[in-house]
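Colleague: Here is a sequence with its predicted model. Questions after.
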Amino acid sequence: MSPFQACHQYGQSIWLDFIRRDLLLSGGLQALIDEGIRGLTSNPAIFEKAIAGSADYDTALAARVRAGETDAACLFEHLAIEDIRKAADIFMPLYRDSAARDGYVSLEVSPHIALDAEATIADARRLWKAVDRPNLMIKVPGTAAGAIAVRQLIGEGINVNVTLLFSRPAYLAVAEAYLDGLETYVAAGGDPATVASVASFFISRIDSAMDAEIDARIAATNDAKLHAQLAALKGGVAIANAKLAYRDYQQLCLTPRWQALVQRGAHPQRLLWASTGTKNAAYRDVLYVEQLIGADTVNTIPPATMDAFRDHGQVTATLTDSVDAADAALGQVEALGLPLDAITEQLVADGVKLFVDAHDQLLAAVARKRDVLNAAAAS
């Protein structure tokens, strides 16, 4: 049994945070599915590396250019939709065999509209129709505007991956939006068993920011006790935050409101652990996979982390271990005046900007390739 299959024995699905055309066409993705990978996520940064960093897309891009397409955004979207459809088709048997629990592929709305609910809704509807696969999830940012969009899209039966969640209040807001949307869909005669969502809770970026703050506080104090209290929190805040978010999820699942939807066949909105590649070389490279294994969750991992976990990952149910200690750790964060709330708020803004920058770099790369192809055609 692979470690990915072993995670599934504990109720967790491992998804791949990566896409590239050669992976789809070479049989590589199918091989990963056979090994236990159960879904796939993408984002502008992943597509930017795939298209700009390879020749995989040049033939398809040249064909679109010859057909008269010149707009870089339209060229990219055509390439992306082809990839997402192909990936969704490869995952379709798993989607069916798992009764629509797994086998999903995610495609993100434009990050430029992360703060505009109506534009996000319109873009999500358009992409949902264009891809035309039941195992598609539209990625929507977990901003206040995104929560509004989630409520509307779920109410229309559109699967949603809510991304860029860093705080428990933000998670609870989108969980509430999911419930509202399902209730709307059911009231209109829809079957909730056909709708799916995940709430993508980001992990490693929290520790990166919190560790920097902790290091600054340590450097500024000569108090040995305070030094020890601060040092004990390094590399642990993100996992503690995630464990308490999972406790929030468990408590929500016990509510009569959710149980009424379960009776109609609704799927839970699973927490998905994102940003699980370890950024600090001092920490175990599979830290954010090993420490967050638990039922009804997803972990989407980049290729390097996937390889490391395959090689030396330890699989056991850890998500519900030491929850009291996690609670105590976040209590200590508050007692010491560490700005977790401000950091998570800033991380949302930073995350949107990172995706905007990656999206702009992606379109610039597509435009450069388009111009090279046009010049070659004219010569």
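Modeller: Alright, I've got the coordinates.
Colleague: What residues does residue 166 make contact with?
Modeller: Residues near residue 166 by CB atoms under 8 Å, 6 or more residues apart in numbering: 201-202, 205-206, 344-345, 347-348, 351. For the C-beta atoms, the positions are set from N, CA and C on the backbone; glycine is no exception.
Colleague: so which two of those residues are the farthest from each other?
Modeller: 201 and 345 (14.9 Å; CB to CB).
Colleague: So between these two, which is more surrounded?
Modeller: More crowded of residue 201 and residue 345, by other CB atoms under 10 Å: residue 201, with 29 against 14.
Colleague: Not counting its neighbours along the chain, what's nearest residue 170?
Modeller: Nearest non-adjacent residue to residue 170, counting by CB to CB, 6 or more residues apart in numbering: residue 142, 5.3 Å away.
Colleague: re earlier: can you flag which of the contacts of residue 166 belong to strands?
Modeller: Members of those lying in strands (criterion: DSSP state E): 201-202.
Colleague: got a winner among the contacts of residue 166 for most neighbours?
Modeller: Result: residue 201 is most packed of these (other CB under 10 Å), 29 neighbours.
Colleague: ok, and the closest non-adjacent residue to it?
Modeller: Using CB to CB, 6+ apart, the nearest residue to residue 201 is residue 165, at 4.8 Å.
Colleague: who's in contact with that neighbour?
Modeller: Neighbour list for residue 165: 142, 171, 174, 199-202 [criterion: CB under 8 Å, 6+ apart].
Colleague: Among those residues, which pair sits farthest apart?
Modeller: Farthest-apart pair in the contacts of residue 165 is 174 and 202; separation 13.1 Å (CB to CB).
Colleague: re earlier: phi and psi next, for the residue nearest to residue 201.
Modeller: phi -100, psi 130 (degrees, to the nearest 10).
Colleague: can you confirm residue 300 is in a helix?
Modeller: No. Looking at residue 300 with DSSP: H, G, I helix; E, B strand; the rest coil, it is strand, so not inside a helix.
Colleague: Based on its surroundings, how many neighbours for it?
Modeller: Counted with other CB under 10 Å, the neighbours of residue 300 add up to 26.
Colleague: Any idea what it is bridged to?
Modeller: For residue 300, the beta-bridge partners under DSSP bridges are residue 15.
Colleague: Strands of the stretch 251-379 of the chain, residue ranges please.
Modeller: Using DSSP state E, counting those that start in this stretch, the strands of the stretch 251-379 of the chain run over 270-274, 297-301.
Colleague: Please, which helix or strand holds residue 198?
Modeller: Following DSSP states H and E, one finds residue 198 within strand 197-202.
Colleague: what pairs with that strand, and is each one parallel or antiparallel?
Modeller: Here strand 197-202 has these sheet partners by DSSP bridges: strand 160-165 (parallel), strand 270-274 (parallel).
Colleague: Right, I'll leave it there.
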